[in-house]
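Novice: Quick one, what's the 3D model for this:
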Amino acid sequence: MSSDPVVFLPGMMCDARIFAPQIANLSRDMAVTVAPVTRGERIEEIASNLLDLLPMRFALAGLSMGGIVAMELLRRAPDRVTRLALMDTNPLAETPQSATGYEPLVAKLRAGMIAEAVQMMLGGDVLAPGPERAEVLALVVEMAQGLGAETVIRQVRALQRRRDYQAVLRRCKVPALVLCGAEDRLTPPRRHSFMADLIPNATLCLVDGAGHLPVLEQPDTVTRALRDWLAQPYVLQRRVDA
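Specialist: Down below sits the predicted model:
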């Protein structure tokens, strides 16, 4: 098992509670922390601020927007990241069209309609159907309200301006897990298969019965996958490009 501390990075609108099941389990026998993805106007600024706070070396697990910040941390400080887990995220930059698609969400947030903004992001078929779905949505609303509309708008603006991380993933040389809810329609499984193909020797895990937030929808399955990732031997991988 890895002796390095584990750093979790939450998704947009979320705080440490998004990882509550994993923190409760992993913290029994390892150091676990959650770092905020709220301090900055751009992904690069958020990552730069975090590097001043984080341990010298750490295993890094990011969900959704947290995964994008994780890729930026890997780009900036590859010698400090000892393992990488990317969950329900996206390595691609926004297109002008997809960036514009966030504007109705920003309008809801500016009007103080945080619950409606969460529903806009995670409603429909983004989460898997089931009895836990309403509870998960209610928790995300509570977390978003705690962060406040202005913070979430800053997160949206950072996402709109993010860079492409495909080249960063190709250079990744640490044990990597790419995990996705099998029913995620926001960052779908095919995107994660693509990411796993980019990373040398990455492990791909699709979580049945989960959508965009498998850490809460199927917490036991995610925790087992993370423990397997943390137990992988560290071998420096060398990629030879044709």
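
Novice: Now do the buried residues in stretch 74-91.
Specialist: By 16 or more other CB atoms under 10 Å, the buried positions in stretch 74-91 come out as 74-75, 77, 80-91. Yep, even glycine has a C-beta here, placed from its N, CA and C like the rest.

Novice: If you average pLDDT per helix and strand, which one of this structure comes out bottom?
Specialist: Lowest mean confidence among the helices and strands of the chain (mean pLDDT, DSSP states H and E): helix 96-100, at a mean of 92.

Novice: for the helix or strand following that one, what is the average pLDDT?
Specialist: Next along the chain after helix 96-100, taking DSSP states H and E as the criterion, comes helix 103-110. For helix 103-110, the mean pLDDT works out to 96.

Novice: Show me what helix 103-110 is in contact with.
Specialist: Under the contact criterion CB atoms under 8 Å, 6 or more residues apart in numbering, helix 103-110 has outside partners I114, E116, A117, M120, M121, A149, V152, I153, V156.

Novice: I'd like the list of the residues you listed that fall within helices, please.
Specialist: Those of the contacts of helix 103-110 mapping onto helices are I114, E116, A117, M120, M121, A149, V152, I153, V156, per DSSP state H.

Novice: Buried subset of those as a PyMOL selection?
Specialist: The buried residues among these can be selected in PyMOL (16+ other CB under 10 Å) with this line:
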select buried, resi 114+117+120+121+149+152+153+156
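
Novice: TSV please, covering the ones in helices among the contacts of helix 103-110 and showing distance to V178.
Specialist: Formatted as TSV, the ones in helices among the contacts of helix 103-110 follow (distance: CB to CB, whole Å):
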residue	distance to V178
I114	30
E116	32
A117	28
M120	27
M121	22
A149	32
V152	26
I153	29
V156	24
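
Novice: What residues of the helix or strand that contains L226 count as buried?
Specialist: Element membership of L226, judged by DSSP H and E, is helix 219-231. Across helix 219-231, burial judged by 16+ other CB under 10 Å covers P219, T221, V222, T223, A225, L226, R227, W229, L230.

Novice: quick one: which of the residues you listed is nearest Q160?
Specialist: Nearest to Q160 among the buried residues of helix 219-231, counting by CB to CB, is V222 at 27.9 Å.

Novice: who touches that closest one in this structure?
Specialist: Residues near V222 by CB under 8 Å, 6+ apart: P21, Q22, M87, L179, V207, A210, P214, V215.

Novice: again with M143
Specialist: Each residue near M143 by CB under 8 Å, 6+ apart is listed here: M13, C14, D15, R17, I18.

Novice: average pLDDT across the lengthiest helix in the chain?
Specialist: Counting residues, the longest helix found in the chain (DSSP H) is helix 133-147. For helix 133-147, the mean pLDDT works out to 96.

Novice: for stretch 25-32, same thing?
Specialist: What stretch 25-32 shows for mean pLDDT is 96.

Novice: End to end on that stretch, go ahead and measure it.
Specialist: Taking CA to CA, to the nearest Å, stretch 25-32 runs 10 Å from one end to the other.

Novice: so how far is it from its chain's centroid?
Specialist: 19 Å (CA atoms, centre = their mean, to the nearest Å).

Novice: How about stretch 217-226?
Specialist: Centroid displacement of stretch 217-226 relative to its chain, using CA atoms, centre = their mean, is 14 Å.

Novice: With only the CA atoms kept, save that stretch in PDB.
Specialist: Extracted C-alpha coordinates of stretch 217-226, given in PDB (Å, rounded to 0.1, in the frame of the first residue of the first chain):
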ATOM      1  CA  GLU A 217     -23.700   6.500  -5.900                       C
ATOM      2  CA  GLN A 218     -21.600   3.400  -5.500                       C
ATOM      3  CA  PRO A 219     -19.100   4.300  -2.700                       C
ATOM      4  CA  ASP A 220     -17.900   0.700  -1.800                       C
ATOM      5  CA  THR A 221     -17.000  -0.100  -5.400                       C
ATOM      6  CA  VAL A 222     -15.100   3.200  -5.800                       C
ATOM      7  CA  THR A 223     -13.300   2.700  -2.500                       C
ATOM      8  CA  ARG A 224     -12.200  -0.800  -3.600                       C
ATOM      9  CA  ALA A 225     -10.900   0.500  -6.900                       C
ATOM     10  CA  LEU A 226      -9.000   3.200  -5.000                       C
END
